[in-house]
Structure formats: structure tokens, C-alpha cells
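Visitor: with the input below, show me the fold.
(one chain, ligands or ions: 1)
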Amino acid sequence: MEKETTKCLIIGSGPAGYTAAIYAGRANLCPVLYEGLQPGGQLTTTTDVENFPGYPEGISGTALMEDLRAQATRFGTDIRYGIATAADLSKRPYQITIDDEKVIETETLIIATGATAKYLGLPDEQKYAGMGVSACATCDGFFYRKKVVAVVGGGDTACEEALYLAGLASKVYLIVRKSYLRASKIMQQRVMENENIVILFNHNAVGLYGENGVEGVHLLENVAGVEKRYDLPIDGFFLAIGHKPNSDIFKPYIETDEVGYIITEPDSPRTCVPGVFAAGDVADPHYRQAITAAGSGCKAAIEAERYLSELGLLKSV
Ligand code: NDP
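Guide: Modelled structure (predicted):
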């Protein structure tokens, strides 16, 4: 298999990966960045980003990522298409296989592979993507001021999203497939006490309808085997049934929590493998924001530079 060596390899092209690339490039680490399955990351699937500092008028998710990409390129990042398909982090230099056909040997690795929001798998979720279907209330909730929305899920994320949306929308339906919420007691209490939130227990969303965007959801209620189907008019449909961190290939070497989020040292992107850093959503079950991802990407690049410096490997870059 073809082999190549580098000092700093970044995997992922969301805000964490590109910010790491900007800092690593400016530190003269000549980083190589592989974009992964979804070039530009999750923000390319959203519409306008209005909460990234520096854009008072907002910016489209795609445009923001193009800007970050251009900035990373400006400082010498070698950006490539390709997906990391295997990893060997048992010893330095670490080996990452790209597209099952090429091995990159690297002294430092920044894992910025993100997390993927889970969807129900309904064809209508694709059909109305960006037209009323979202998996991020903080990103898109603002567009539903004084409108009616539904959130699917019964965990802490769903409750958090429902509460956030309840401050904007006129009504929030929480669609829960079981007869109870899985969320923590305090979140359950907040949701129950919120007048804007109506919980639909024992309900599943089975489809969406609408002419030029979501106008309603087809629901299936199932109470003790008795089924009832009906339609509920809504303007926005939010998924909050969990995220899957894209950490699978690293799990044999790197500590993760039970969901798969990479565990790093507190307030640091350092993983349990020296020289391997994790930034952005792959290591963040709590905030999952573009700006926090960018911040952790910055930290990861600074850590990589310090690590290489301590090993005396910077001079030959
Ligand atoms: P969870 O896995 O905890 O909950 C997922 C929810 O989605 C469950 O109610 C589940 O239903 C439901 N669900 C899953 N698949 C489907 C489906 N196909 N159809 C309908 N419903 C479905 O994920 P979260 O993202 O909520 O939380 C992940 C972790 O992050 C948790 O540990 C949580 O505590 C933590 N977290 C903490 C927060 C905080 O402390 N503020 C905020 C957000 C998350 P069911 O119960 O039936 O399986």
C-alpha cells in the first residue's frame, strides 16, 4: 500500500478540523487534512448560521465552511478528499489508512471527525431537508418564532431542544415513542411545567406532508396495541434522538464513553494516546456548537505544536 509521512494529520473538515488546520498551518506544521465523508461537516446541512461570532447578518452554513476552508488553505494546509478507513495508534508514527488504499504515517493526529445526528430513516426527512426538517434547534430554531414545531425524542437532548424552542415557537409538540421520558428528572420537570410544550407519549412520527416545506406530520399513536393514525399541522420538525460520534476506527486505542464520544483530559483535547488529540463534536456530548468546535480545534493544533516541539521534531518540518 502506498505510504506517506507527515508531522500533523487532521481528519475532518468541520469547524474543528479547519480551525486546527489554520493554527497548525500558521505554526508551520504543514498539516495534511482529509475532509471525510461530509466535506464541510454538519454545518453544510443547515441553512443560515446566525450564532457564529463575526457575522452580524448571519452566513449560510456552506459559505462559512468555504471561508474556513479558504483560510486553512491560505496557511498551507494540504486539503484532500478522502475518508479515514482504519487506524493504528499502537505506536509512533501513527498510521491512518485513507480510502483503504493509502497509509499516512503521522507524528501527531487531530481527530475532528464530528458526530452524526440520528434520523428516523423516513424518506420524508430527506425530502424536506432544509425545508422544515432539522436536527439542531440551536441552529435553526430562530426561524420558527411564533410557529408550531415538533421535536422527536424523549432524552435529555429532546427536552433541551423542546425547552429552547418553547422560548421561540408558539407551541412545541414533543413526540415520544414510549409512555415515559428517558431524560433526567430535572429536565422532565422543566418540560412538564412549560405551558408551551405538549408531550405526545406513545407516538411515532411516520411521515411528513406539505407543498413547499413541512406543513404537518403523520402520527401513529399506539396505546396498549390500540393504534390510531392522525395528522398534526406543524411548521418545523426537529430530530433529537441522539448523535453518533464518528469514532469507531479509533476505539481500540482511545478511550470513549459508552456512546462513543472520545474522552479527553479535562479542558484539553489530549486523548490517552500522546500526540493524538480530539476536537469538536467527536469529543463533545454537551455543547456541540460550531464555535466550541472551532475553539477545541485551535487548542488541538496548539497542543500538537507543543508536542512536536518537545520531541524536537519541529526543525525538520
Ligand atoms: P438518548 O439516547 O439519551 O435519548 C434518545 C431518545 O430518543 C430516547 O428517548 C429514545 O427513545 C429516542 N429515540 C431513539 N431512537 C428513536 C426512534 N427511532 N424513534 C423515536 N424515538 C427514538 O440521547 P440524547 O441525545 O438525549 O442524550 C445523549 C446523552 O447526552 C445522554 O447521556 C444525556 O443524558 C446526555 N445529555 C445531557 C444533557 C444535559 O445534561 N444537559 C443534554 C443533552 C444530552 P427510548 O427512550 O424509547 O429509547
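
Visitor: what is the residue of the chain most remote from its centre paired to in the beta sheet?
Guide: What lies farthest from the middle of the chain is residue 226; by CA atoms, centre = their mean that is 37.3 Å. Per DSSP bridges, the residues bridged to residue 226 are residue 223.

Visitor: quick one: it from residue 177, how far?
Guide: 15 Å (CB to CB, to the nearest Å). C-beta coordinates here come from the backbone N, C-alpha and C atoms, glycine included.

Visitor: so residue 258, which state does it fall into?
Guide: Three-state call for residue 258 (DSSP: H, G, I helix; E, B strand; the rest coil): coil.

Visitor: count the neighbours of it for me.
Guide: By other CB atoms under 10 Å, the residues close to residue 258 number 5.

Visitor: what's the spacing between it and the ligand?
Guide: To the ligand, residue 258 is 8 Å away according to CB to the nearest ligand atom, to the nearest Å.

Visitor: residue 262 now?
Guide: For residue 262, the distance to the ligand - CB to the nearest ligand atom - is 14 Å.

Visitor: what's the neighbour count on that residue?
Guide: Neighbours of residue 262 using other CB under 10 Å come to 26.

Visitor: ok, it touching residue 248?
Guide: No - here residue 262 does not reach residue 248: they are 11.1 Å apart, not a contact under CB atoms under 8 Å.

Visitor: and stretch 51-63, how far apart are its ends?
Guide: Here the two ends of stretch 51-63 are set 14 Å apart, with distance taken as CA to CA, to the nearest Å.

Visitor: same deal with stretch 173-184?
Guide: Per CA to CA, stretch 173-184 runs 19 Å from first to last residue.

Visitor: in it, which residues are buried?
Guide: Neighbour-count burial for stretch 173-184, counted by 16 or more other CB atoms under 10 Å, picks out 173-177, 181, 183.

Visitor: and stretch 21-39, by the same measure?
Guide: For stretch 21-39, by 16+ other CB under 10 Å, it's 21-27, 29, 31-36, 38.

Visitor: and the closest residue to the ligand within the stretch 1-150 of the chain, how far is that from residue 212?
Guide: Residue of the stretch 1-150 of the chain nearest the ligand, by CB to the nearest ligand atom: residue 120 (5.2 Å). Per CB to CB, residue 120 is found 22 Å from residue 212.

Visitor: so for these two, which residue has more residues nearby?
Guide: With neighbours defined as other CB under 10 Å, residue 120 and residue 212 compare such that residue 120 has more, 17 against 8.

Visitor: quick check: the more buried one touching residue 205?
Guide: Yes - with contacts counted by CB under 8 Å, residue 120 reaches residue 205, the gap being 6.5 Å.

Visitor: identify the contacts common to the two.
Guide: Taking CB atoms under 8 Å, 6 or more residues apart in numbering as the criterion, residue 120 and residue 205 both touch residue 152.

Visitor: which residues does the most centrally placed residue in the chain form a beta bridge with?
Guide: Geometric centre of the chain, nearest residue: residue 115, 4.0 Å, by CA atoms, centre = their mean. Residues in a beta bridge with residue 115, per DSSP bridges, are residue 245.

Visitor: quick one, grab the pLDDT at the residue of the stretch 1-150 of the chain closest to the ligand.
Guide: Per-residue pLDDT puts residue 120 at 97.

Visitor: from residue 171, how far off is it?
Guide: 21 Å.

Visitor: same deal with residue 237?
Guide: From residue 237 across to residue 171, the span is 14 Å (CB to CB).

Visitor: who has more neighbours, the two?
Guide: residue 237 (27 against 17).

Visitor: and that one, what helix or strand is that in?
Guide: If you go by DSSP states H and E, residue 237 is part of strand 236-239.

Visitor: ok, residues contacting that strand?
Guide: 117-120, 125, 128, 132-137, 140-141, 143-144, 147-153, 161, 165, 169, 205, 208, 214, 217.

Visitor: quick one: that strand near the ligand?
Guide: No - using CB under 6 Å from any ligand atom, strand 236-239 never reaches the ligand; the gap is at least 8.8 Å.

Visitor: strand partners (parallel or antiparallel) of that strand?
Guide: Strand 236-239 is paired, per DSSP bridges, with strand 133-134 (parallel), strand 148-152 (parallel).

Visitor: contact partners of the last one?
Guide: Spelled out, that is strand 148-152. 120, 137, 141, 158, 161-162, 165, 169-175, 205, 217, 232-241.
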